[in-house]
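1. Fold the following.
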Amino acid sequence: MQNVNNSNNNPSVSTPSFAVDVEKVILVTHDDNPIGEGWKLETHRKGLLHRAFSIFIFNAKGEMLLQRRALSKYHSPGLWTNACCSHPRPAEETKEAALRRLQEEMGFTTDIHKVFDFVYKAEFDNGLTEFEFDHVFVGEYSDEIHFNTEEVEEYCYQSISEIKNAIQANPENFTVWFRIAFPKVEQWWLNHKKDSIT
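-> Numbering: from 1, shown residues only. Take a look at the predicted model:
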C-alpha cells in the first residue's frame, strides 16, 4: 500500500460541499471484498478504505490524455491527473461505473480493460483522506472531447516522456494517485508497444 501525506503539496484545497454526500461508495477490505456502504463525504472524512477506479486513455499516437481537475472539486482542485477517476456505486460493476464516469466527465466512451490495481492512502489539508482500492483501466480514443466543465478545467494529450519529466520537475502539479499509478502505467505502455511491434 502506498501512503502519501499531501498536506504540504496541495495548499489550495476546496471546502467539501454537501452535494458530495448524495452518493454512496463501496467499503472494502484490502483484498477488495465488499464489507458495506458509506456516504461519500463521510467515508473520506473517516478515511475508510473504499473501491475506486482510474482510467488512462491513449490516442492513436500513443499520447496520454490528461485532465486538470475543476477548481470546485472537494479535494485536489486544479491539479493534473489521468482521464477519469471516481467510485462505483453500490451494486454497480466497476467497469460499468468507469464507462459511466468517463462519459459524464469527458463526454465520450471507448473500450477499456483493466491492467492492474493498487491501494493507496493520502491525507489532505481539508481533513479528508483518500484511502482507495484503485482499479486501473486503459483504453484508446482519438476523436472529439466535450468535457464537463463542472468536473474538468481543461485537458491535453502528452507523451509518456513529457509527463514523466513534468512529474519529476513539478510533482505538486499532479494528483497523488496519478503520481503513484503513472510509473505502473508507463511500464504497461512500454510492454504494450513492444508486444504490438513483435
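2. show me where pLDDT drops low in this protein?
-> 1-21, 194-198 (pLDDT under 70).
3. For the helix ranked longest in the chain, name the packing helices and strands.
-> Secondary structure of the chain read by DSSP state H shows that its longest helix is helix 176-197. Counting by 3 or more Cβ pairs under 8 Å, 6 or more residues apart in numbering; DSSP states H and E, the packing neighbours recorded for helix 176-197 are strand 2-5, strand 50-58, strand 80-82, strand 112-123, strand 129-140, helix 160-169. No exception for glycine: its C-beta is placed from N, CA and C like everyone else's.
4. And the third one, how far out from the chain middle?
-> For strand 80-82, the distance between its averaged C-alpha position and the chain's averaged C-alpha position is 7 Å (Cα atoms, centre = their mean, to the nearest Å).
5. cool, and stretch 183-194?
-> Worked out by Cα atoms, centre = their mean, stretch 183-194 lies 18 Å from the chain centre.
6. Ok, stretch 133-146 next?
-> 10 Å.
7. Also stretch 54-66?
-> Relative to the centre of its chain, stretch 54-66 is centred 13 Å away, using Cα atoms, centre = their mean.
8. Now the residue most central in space within the chain: which helix or strand?
-> The chain has Cys85 as the residue nearest its centroid, 3.2 Å off, counting by Cα atoms, centre = their mean. If you go by DSSP states H and E, Cys85 is part of strand 84-86.
9. following that strand, which helix or strand comes up?
-> helix 94-106.
10. Run through who's touching that following helix.
-> 51, 53, 55, 57, 65, 67, 83-89, 92, 108-110, 112, 114, 135, 137, 145-148, 151-152, 155 (Cβ atoms under 8 Å, 6 or more residues apart in numbering).
11. Which of the residues you listed are buried? Put it as a ChimeraX command.
-> A single ChimeraX command selects the buried members of the contacts of helix 94-106 (16 or more other Cβ atoms under 10 Å):
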select :51,53,55,57,65,67,83,84,85,86,87,88,89,108,110,112,135,137,145,147,151,152,155
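12. Need the CA coordinates for stretch 181-195. PDB is fine.
-> The C-alpha trace of stretch 181-195 is given here as PDB (Å, rounded to 0.1, in the frame of the first residue of the first chain):
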ATOM      1  CA  ALA A 181      -0.100   4.900 -10.800                       C
ATOM      2  CA  PHE A 182       1.900   6.600 -13.600                       C
ATOM      3  CA  PRO A 183       5.100   4.500 -13.300                       C
ATOM      4  CA  LYS A 184       3.000   1.300 -13.400                       C
ATOM      5  CA  VAL A 185       1.000   2.600 -16.500                       C
ATOM      6  CA  GLU A 186       4.300   3.700 -18.100                       C
ATOM      7  CA  GLN A 187       5.700   0.100 -17.700                       C
ATOM      8  CA  TRP A 188       2.400  -1.300 -19.100                       C
ATOM      9  CA  TRP A 189       2.600   1.000 -22.100                       C
ATOM     10  CA  LEU A 190       6.200   0.100 -22.900                       C
ATOM     11  CA  ASN A 191       5.300  -3.600 -22.800                       C
ATOM     12  CA  HIS A 192       2.200  -3.000 -24.800                       C
ATOM     13  CA  LYS A 193       4.200  -1.200 -27.500                       C
ATOM     14  CA  LYS A 194       6.800  -3.900 -27.600                       C
ATOM     15  CA  ASP A 195       4.100  -6.600 -27.900                       C
END
